[in-house]
Each structure stands twice: as structure tokens, then as C-alpha cells.
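> what shape does this take:
(2 chains)
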Protein chains: 2
Amino acid sequence: MALCPRAHVGVPPMSLALRGRSLALADEAVAKLRLARTEGVGPLTYQRLLARCGTAGEAIAALPDIAQSAGRQRLDICPAAAAERELHTLHKHKGRMIFFGDAGYPHLLAMLPDPPPVLSILGDVSVLSTRSVGLVGARNASANGQRMAEALATELAGQAITIVSGMARGIDAAAHEGALHVGRTVAAVAGGLDQPYPPEHADLQARIAATGAVVTEAPWGTAPQSRHFPRRNRIIAGLVLGVVVVEAALRSGSLITARLAQDANREIFAVPGSPLDPRCRGCNDLIRQGAHLAESAADVLAQLPDHPLREGMTRRPPAGMAEAAQAWSDADLPRVRAELRRLLSASPTDIDEAIRRSQFAPATVMAALSQLELALEVEVLPGGRACLLK
Amino acid sequence: MALCPRAHVGVPPMSLALRGRSLALADEAVAKLRLARTEGVGPLTYQRLLARCGTAGEAIAALPDIAQSAGRQRLDICPAAAAERELHTLHKHKGRMIFFGDAGYPHLLAMLPDPPPVLSILGDVSVLSTRSVGLVGARNASANGQRMAEALATELAGQAITIVSGMARGIDAAAHEGALHVGRTVAAVAGGLDQPYPPEHADLQARIAATGAVVTEAPWGTAPQSRHFPRRNRIIAGLVLGVVVVEAALRSGSLITARLAQDANREIFAVPGSPLDPRCRGCNDLIRQGAHLAESAADVLAQLPDHPLREGMTRRPPAGMAEAAQAWSDADLPRVRAELRRLLSASPTDIDEAIRRSQFAPATVMAALSQLELALEVEVLPGGRACLLK
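Residues are numbered from 1 along each chain as shown, chains lettered A, B, ... in the order given. Reported below is the predicted structural model:
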């Protein structure tokens, strides 16, 4: 029995008139969105719930019991009205929502271990499935760095490569502008589609959406916060065949994007720079660690795989995901949860590492992890890591 | 029978009074120098003649017959008086001469396939056998490049690493100056020791010689010419455990030094730079080809071999050198010479490649190559290459 009855009072589920089978599909979209917007349902748990229950509607119905068995007493499932309102608002603004598992979901993004359950998109959804390269770097980039990024983007876009970036100041903006000279570009953003960030890039966002796409995992109306950036970065990493980093300090966000891309077996490129400029240290370090040195678009094109879905594109098939769907009622689960509470900590821990160090099968560990996420005891982070919340 | 009688008229062979065995040694030094200074006796032929004849004196005596059998009618062996004069002049200026095979000959340099038969040195010969790193780069270096070179040299010299460079303007001079702040440095120069080049570096040369060493393969009085630079570059490459390149355009002399060092299995380092600066292209290209990316002295120190004489330090043991000593009168030699004339051309050809493509044993090919060098038909170039002279 579902906590939230699937009543469609007042607002129709979508702005189009829906009947029969179409109405059922729209219901399922609302259910998927409710699931995705429920606190404690991260990308892994979303996949697990769908795998176990078959449909989002069934998952919504089963969620209270599942949460209770995981130790969560009070579960606020996203109300149907809220989900319908979000869909309605997005459609009113000519936006579109696409769910993991849908035919149009970007196929490379789907290969991440933790693909976003839902994407909100302004612009052309199909551009997300074209041959793409991420181009990211410092916000406080030098004039030369921005010139480099713009030139690379223009050259790559001229070779029918879609440039994906994060719409930030500096390198990101230069990359989008360079691509817009000749082609289409994709901006992955951290907040809601109605909240361009930085605000002065509202015009840039509109121009990107006019021919390319602006995509986010965040609900409409979400103010962008720095804690959203890793999720945004994983979308960039997931959409592309490779990531080019132009100017990045050590320990900067661009290096996180590069690491997420590397984890997903995408090609990593870095533009070298003087060791005397701290903004070049991150790039030089990437090269030292094996990234391709990129001086031109030709350097990038030479290393891009011909076939986007080559072997091993995703390093980490969600460990034990298929078997885990059967493992919800495993009698070991309370003990596995206890072990995970011990293995994890407030700082992010690699989930694979936790699985290796545990006494249990990967499927069982993943099931327990999902329970802990649902119980709001654990946060699963982009890049296959997790940390304890309490 | 020697063409030039070993008469010591007027000038004693060395500035010291010599008697008995010492006199014989001095005679041998004069004979070695005469051999090395005879046109057509390059590093390879010098080694072969000594290997065949046992002593330089015997080689001098046998040279006319050997030359004639190689097809050279008129052979001007360097006169004893000229050799003695060169030794005398060098000693008068507190210089010293050291021959391949001498105990004090730099051991890493001796591992080149074509070590210089003779080195003229101002300063401390022993510094040539210390743990050393070559630091080379553009003459028209940027201020940042020079700052980088100077800082790297100071840091490495502070870790008891001897900095070897070419005393050119730009990076070379900055490297020497950086090393002189804290330690010793070695300049390998293209011309005679009395001809500092560029002329404004006369003071720098004097300061280098005061604590370190200035070394050349060229006779006293030789004006430096650009065609001498590759031989100078191979001395830098031969003396060191690794070469660091700071700012180098594509196809620049510094890349030749790096290639020679790589051929001798030394470590190659390059300091990265902006792709927008043509002076950084050569360095970036080296990194793309596998050179270590160097941002600091620590990056260099981390890759230097602990033991200077590690396995495989020289890639190319002079092919068939030992056996070749026996091969002078091989009946095949005229045919091998004819084949070499066909395989080689006016542009430099890899000697190993010529050996592979020939029908004959490496020892026989090397013997024939040496004959052609002696006959002035072939020039053997630094780095194991040769070209036809006519």
C-alpha cells in the first residue's frame, strides 16, 4: 500500500491531454519523479527499487515497508501533487524530463554506476547522445587559458564534437562560447533550470538552450549550492567520451570532474602550462598521472574512441546490482548494516573498498547500503563513494 | 712504419720533466692526440684502431697501410709537433687532456657508442664523474623560463647534483648561474677552450672553471661553429644521468640533446608550458612522447637512477666492436664498402639500420664503415648515424 495515494486532483499530470495507455505512462513518470525526489532515494537505491518492484508505482507502494525494515520510522515520500507541479512547470517553460531507463536517456551517462534517476532539460534532448567532449577548468582562468579553451571548443565543435561544460565563469564559459561560434554545446548545471548560475550567465544559458541543451539533476527552483557541484560534475563526466582540463589548480573542482571521468573509463586530456602558474599545476599533475597532453583539437580527436560504447567504458558495473534486487530480505542484512556503519565514516569511503573489506557478498553489501541510504544514515556520493551521516 | 717520426724537437712532450716509463706514457699521449686529430679518425675509428693495434703509437705506424687498403691515397697524420704544441698550450693555461680509456675518463660518457677520443678540460676533471643532470633549453628563453631553469639548477645543486649545460645564452646560462649559487657546474662547449662562446660569457666560463669544469672535444684555438654543436650536445647527454629541457621550440638543438640522451638510455625530463608559446612546444612534445614532466627538482630527483651504471644505460653497445678489431683484412670488405655507399646517403642514416639492411655481419659492416670514414668518404655523426661525404 502506498503512503501517497496516486490522486490527480486539480492539476493534470502533464500539460497534454492524456488518455488510456498514455495516461498510465504519465502516471509512471509521476511515480518515478516522486521516487527520485524522496529523501534517501539516491541513484543506487532508485535503481534497486525499480529492479525489485518492477515499476515506480509499485516501488512507491512498497517504500514504507522497505524503509521500516531498514530502520526508518518516518518516511516522507514526495507527494504526487509536488511531482506533478514540477513536471507541469518544466513543460510550461518548454523543458523536458527524462528518466533513467527511458529510450532517450543519454546512453553514455547510463553507463555510470550511479546515473541520475531523472534529468531536467531545456533545449534539444538528442544532443545529449551525440559524440561529446567535456571541457572544464578554472573559474579564475588567465586570458590565455580562456583563449585556449575557446579555440579548442571551436575546433572540436567544427569537427562535429559537442562540447559539454559546467557554465561556470572562466574556462567553462569560454568553452561554451567557442562551441557556439560553430556548433552546439551542452551545459550541465548544479541548480534548477530557472536559476542560471552565475546570474550573469542567464543570457549564455538561453543561447545554449536555443541550439544545444542545458541539463540538471536538480528540481526546478533549486538554488545552486557548492554541495551540488560534484553531482553536476559527474553528469559532465558521464555524457562525454573524454574530458579536457584547461587550467586547474591542485584540488580544484575540475580535477574532480577528471577523476569521475577516469573512473568511468573516459579519456582524460590536460593542457599543460608553466609550473610557475598555480592554475596549471592541476593540469600538469594530470599529465604526470597519465592524462593525454593536449595542445590542439587534433590531440583530442586522435584519442577519442571511434565507437562510443567500447568495452570497459564503465569501470564499475554497479556491484552485485542484479543479484541485490533479490537480497532485500536477506537475514544477514542487519549484521551487514552494522558492519557498514563500522567500515564507513564521515569522510567519503570507496564503496568497492568497503565491499572488499566486508565479510559479505557484494550484492548483500549493496542491499544494506541502499537500506542505510533510505534510512538517511548514509549518503551515497558521485563516483562510487559513501559517507555516514550520523 | 709511421708517416710522422716521433721526434720531440724543441718542445718537450709535456711541461713536466718526464723520464723512463713516464716518458713512454707521455709519448703515448702524444700518439693518441695525433690519432684523434687526424682527419678521418672519428670516435669509432679511433676505438677500432686502438683495439686492433694495441697502442696509439702502433696505430700511427700502421695508419698509412690501413688507409691505403681503405682506398685513401694521401693521409695527413697529425704531426707530432702539432700534437705536442696543443698539449703544451693547454697545460700552460692550466688545462688538462684526458683520453678515452684513461682511468679518469668520465665513466658515463665512456658508455656512449661514440665517446670522444680526447677531452680538453679547464677546471676539476673529477667533477665530470659526479652525479650529474643536464639542463638545457632555448637561447631566446622567456624571463619565466630562465627563472625556472635557475631555480631548478639551484635546487638540484643543493642536493649535490652537478648541473651540466652548454653555456649558451638563455636557459643554459641561467642553469649555470643557478648552480653556481650553491655548487659546481660543468659547461660542455663546442669550440676551443680559449674561445668562449658567446664572447660575453667569458667571465661565466672562468667562474665555471674555478670550481667546476669546462670541457670540449675541439682542439685549442678552434672557433666554435654550429656544425660542432651536435658533438657538444652528445657530451652533455653522455655525462649525465638525465637531461631536463626548459623551453625548447620544435626542431631545436635542445631536442637533439634530449634525443642523444634518450639514445643513451638517460632519463628525459621536460618542463611543460603553454601551447600558445612556441618555445614550449618542444617540451610539451617530449612529454607527449614519454619524457617525465618536471615542475620541480623533486620531480627530477625522484626519477634519477640510484646507481649511475645501471643495466642498459647505453642502448647501443658499439655494434660488433670487439669482433670488428679482427675484421680489417676481411676479404668481403670491398663488397661491404660498396654496399654501404649504396645504403648511406647525404642525409644522416642510422648505422644500426644500415647494418640491419646489409647482407653482412655487424662486425664487418663496422669495419667497412671505419674504412670509409678513414677514406673521408663517410662522416660518422653523434648519435650513431652516418652520412656520405661524396
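
> phi, psi of the closest residue to residue A:75 other than its chain neighbours?
Take residue A:75 and drop its neighbours on the chain: the residue closest to it by C-beta to C-beta, 6 or more residues apart in numbering or on different chains is residue A:67, 4.3 Å away. C-beta here means a position set from N, CA and C on the backbone, and glycine is covered the same way. Note on residue A:67: its backbone torsions stand at phi -60, psi -40 [degrees, to the nearest 10].

> same question, residue A:269
Residue A:269 has phi and psi values of phi -120, psi 150 when expressed as degrees, to the nearest 10.

> what bridges to it?
Bridge pairing for residue A:269 (DSSP bridges) gives the partners residue A:244, residue A:292.

> residues contacting it?
Shown in contact with residue A:269 (C-beta atoms under 8 Å, 6 or more residues apart in numbering or on different chains): A:242, A:243, A:244, A:245, A:291, A:292, A:293, A:294, A:299, A:300, A:303.

> thinking again about what came up before, right, and the residue nearest to residue A:75 touches residue A:373 too?
No - the pair residue A:67 and residue A:373 fails to qualify as a contact (C-beta atoms under 8 Å) at a distance of 10.5 Å.

> contact residues of chain A facing chain B?
A:144, A:147-148, A:271-276, A:280-281, A:284, A:287-288, A:292-296, A:299 (C-beta under 8 Å from any C-beta of the partner chain).

> if any of these are buried, put those into a ChimeraX selection.
Of the residues of chain A next to chain B, the buried ones go into a single ChimeraX selection, burial set by 16 or more other C-beta atoms under 10 Å in any protein chain shown:
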select /A:144,147,148,271,272,273,274,275,280,281,284,287,288,292,293,294,295,299
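
> so what's residue A:232 closest to, chain neighbours aside?
Closest residue to residue A:232 apart from its sequence neighbours, by C-beta to C-beta, 6+ apart: residue A:190 at 4.1 Å.

> tell me how many other residues crowd that neighbour.
Residues within reach of residue A:190, counting by other C-beta atoms under 10 Å in any protein chain shown, total 25.

> how much space separates it from chain B?
Separation of residue A:190 from chain B (C-beta to the nearest C-beta, to the nearest Å) stands at 30 Å.

> next, the contact list for that residue, please.
Applying C-beta under 8 Å, 6+ apart, we find residue A:190 in contact with A:166, A:197, A:216, A:218, A:224, A:225, A:228, A:229, A:231, A:232.

> and those, which is closest to residue B:204?
Closest approach to residue B:204 among the contacts of residue A:190 (C-beta to C-beta): residue A:166, at 50.2 Å.

> how about the closest one, nearest residue that isn't a chain neighbour?
Distance criterion C-beta to C-beta, 6+ apart; nearest residue to residue A:166, sequence neighbours excluded, is residue A:172 at 4.7 Å.

> tell me what the one helix or strand that neighbour maps to is packed against?
Following DSSP states H and E, one finds residue A:172 within helix A:171-182. If you count contacts as 3 or more C-beta pairs under 8 Å, 6 or more residues apart in numbering or on different chains; DSSP states H and E, helix A:171-182 packs onto strand A:132-137, helix A:143-158, strand A:162-165, strand A:185-189, helix A:202-211.

> make a markdown table out of those and add mean pLDDT and distance to residue B:158.
Output for these, formatted as a markdown table (pLDDT from 0 to 100; distance: least, C-beta to C-beta, whole Å):
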| stretch | mean pLDDT | distance to residue B:158 |
| --- | --- | --- |
| strand A:132-137 | 98 | 34 |
| helix A:143-158 | 96 | 32 |
| strand A:162-165 | 98 | 43 |
| strand A:185-189 | 98 | 47 |
| helix A:202-211 | 98 | 49 |
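
> among the ones you listed, which comes closest to residue B:181?
Closest among those, using C-beta to C-beta: helix A:143-158, at 30.8 Å.

> mean confidence for stretch A:83-100?
For stretch A:83-100, mean pLDDT rounds to 96.

> gap between the two ends of it?
16 Å (C-alpha to C-alpha, to the nearest Å).

> can you list the residues that contact it?
So stretch A:83-100 is contacted by A:8, A:11-15, A:29-34, A:36-37, A:43, A:46-47, A:104-105, A:110, A:115-122, A:125, A:193-194, A:219-221 (C-beta under 8 Å, 6+ apart).

> just confirm residue A:387 is within a helix.
No - secondary structure of residue A:387 (DSSP: H, G, I helix; E, B strand; the rest coil): strand, not part of a helix.

> near the closest residue to it other than its chain neighbours, how many other residues are there?
Nearest in space to residue A:387, with sequence neighbours left out and distances taken as C-beta to C-beta, 6+ apart, is residue A:348 at 4.9 Å. By other C-beta under 10 Å, the residues close to residue A:348 number 18.

> return the residues in contact with residue A:348.
Contacts of residue A:348 (C-beta under 8 Å, 6+ apart): A:381, A:385, A:386, A:387.

> and residue A:238, by the same measure?
A:106, A:108, A:109, A:111, A:112, A:115, A:260, A:264.

> same deal with residue A:279?
Taking C-beta under 8 Å, 6+ apart as the test, what residue A:279 contacts is A:138, A:140, A:141, A:142, A:145, A:247, A:248, A:249, A:273.

> now do residue A:45
Residue A:45 is in contact with A:370, A:373, A:374, A:380, counting by C-beta under 8 Å, 6+ apart.

> repeat for residue A:189
Residue A:189 neighbours (C-beta under 8 Å, 6+ apart): A:166, A:167, A:196, A:197, A:205, A:214, A:215, A:216, A:218, A:224, A:232.

> thinking the third one is in contact with residue A:167, fair?
Meaning residue A:196. Yes - in this structure residue A:196 lies within contact range of residue A:167 using C-beta under 8 Å: 7.5 Å.

> anything in contact with each of the two?
Common neighbours of residue A:196 and residue A:167 (criterion: C-beta under 8 Å, 6+ apart): A:189, A:204, A:205.

> which non-adjacent residue is nearest the last one?
For residue A:205, the nearest residue in space outside its immediate sequence neighbours is residue A:196; the separation is 4.4 Å by C-beta to C-beta, 6+ apart.

> same check on residue A:332?
residue A:364 (5.8 Å).

> looks to me like the one you found is in a strand.
No - with three-state DSSP as the criterion, residue A:364 is assigned helix and is not in a strand.

> returning to what we had before: in helices, which of the contacts of stretch A:83-100 appear?
When DSSP state H is applied, the contacts of stretch A:83-100 are split such that A:29, A:30, A:31, A:32, A:33, A:34, A:36, A:43, A:46, A:47 fall in helices.

> and the pLDDT for the closest residue to residue A:153 other than its chain neighbours?
Nearest non-adjacent residue to residue A:153, counting by C-beta to C-beta, 6+ apart: residue A:178, 3.1 Å away. Looking at residue A:178, its pLDDT is 98.

> quick one: residue A:178 from chain B, how far?
Between residue A:178 and chain B the computed distance is 15 Å (C-beta to the nearest C-beta).

> pLDDT score for the residue nearest to residue A:387?
Taking residue A:348 on its own, its pLDDT is 90.

> check which residues of stretch A:339-355 are buried.
By 16+ other C-beta under 10 Å, the buried positions in stretch A:339-355 come out as A:339, A:340, A:343, A:344, A:348, A:349, A:351, A:352, A:354, A:355.

> residue contacts, the residue lying closest to the third one once chain neighbours are set aside?
In space, and not counting its chain neighbours, residue A:343 is closest to residue A:354: 4.7 Å by C-beta to C-beta, 6+ apart. Going by C-beta under 8 Å, 6+ apart, residue A:354 touches A:340, A:343, A:344, A:365, A:369, A:386.

> now swap in residue A:201 and tell me
Counting by C-beta under 8 Å, 6+ apart, residue A:201 touches A:167, A:169, A:173.

> let's go with 7 Å and repeat that
For residue A:201, the contact set (C-beta atoms under 7 Å, 6 or more residues apart in numbering or on different chains) comprises A:167, A:173.
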